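Undergrad: Sequence first, then the predicted structure, then my questions.
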Amino acid sequence: MDINLKGRMPGVPSLPPQLPSLLLALGCGSIGLGVLLIMNPELLTYLVAFVFILIGGLLLLTGWRAKRMLG
């Protein structure tokens, strides 16, 4: 009989060691972006426009590659 004393349930993957650093970096970045938006609300217009341009570009690239694949 095998007894697991590590405190983990069998079959549950362990957390990656980089996860806390990644979460801290994303949190700091989000706070920084929020402060920038409070100081300059016009940045929100540019951020929304950039998101739409990015999504449109990805759709164009996907359609172009699909057209090339189909001939």
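TA: Nice, I can see it. Everything quoted here is computed from the prediction, not taken from an experiment.

Undergrad: and residue 16, which of the three is it?
TA: coil (DSSP: H, G, I helix; E, B strand; the rest coil).

Undergrad: so which helix or strand takes in the residue most central in space within the chain?
TA: The chain has residue 26 as the residue nearest its centroid, 8.9 Å off, counting by CA atoms, centre = their mean. Using DSSP states H and E, residue 26 sits in helix 19-39.

Undergrad: re the thing from before, so the residue nearest to the centre of the chain versus residue 65, what's the distance?
TA: 30 Å (CB to CB, to the nearest Å). (C-beta placed from N, C-alpha, C; glycine too.)

Undergrad: same thing with residue 20?
TA: In this view, residue 20 and residue 65 are 37 Å apart by CB to CB.

Undergrad: what stretches of this protein score poorly on pLDDT?
TA: 1-10 (pLDDT under 70).

Undergrad: mind checking the longest helix of this structure?
TA: In the chain, taking DSSP state H as the definition, the longest helix is helix 43-70.

Undergrad: on contacts alone, who are the packing partners of that one?
TA: With contacts defined as 3 or more CB pairs under 8 Å, 6 or more residues apart in numbering; DSSP states H and E, the packing partners of helix 43-70 are helix 19-39.

Undergrad: buried set for the helix it packs on?
TA: Under the neighbour-count criterion of 16 or more other CB atoms under 10 Å, helix 19-39 has nothing buried.

Undergrad: and it, how far out from the chain's middle?
TA: 12 Å (CA atoms, centre = their mean, to the nearest Å).

Undergrad: And stretch 35-42, by the same measure?
TA: Mean C-alpha position of stretch 35-42 versus that of the full chain (CA atoms, centre = their mean) differs by 22 Å.

Undergrad: Can you give the contact residues for it?
TA: If you take CB atoms under 8 Å, 6 or more residues apart in numbering as the criterion, stretch 35-42 is touched by 43-44.

Undergrad: export that stretch as CSV, just CAs?
TA: Extracted as CSV, the C-alpha positions of stretch 35-42 are listed here (Å, rounded to 0.1, in the frame of the first residue of the first chain):
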residue,chain,number,x,y,z
VAL,A,35,-3.4,54.6,-13.6
LEU,A,36,-2.6,55.7,-17.2
LEU,A,37,-6.3,55.5,-18.1
ILE,A,38,-7.2,57.6,-15.1
MET,A,39,-4.6,60.2,-16.0
ASN,A,40,-5.4,60.3,-19.7
PRO,A,41,-8.9,58.9,-20.6
GLU,A,42,-8.3,59.5,-24.3
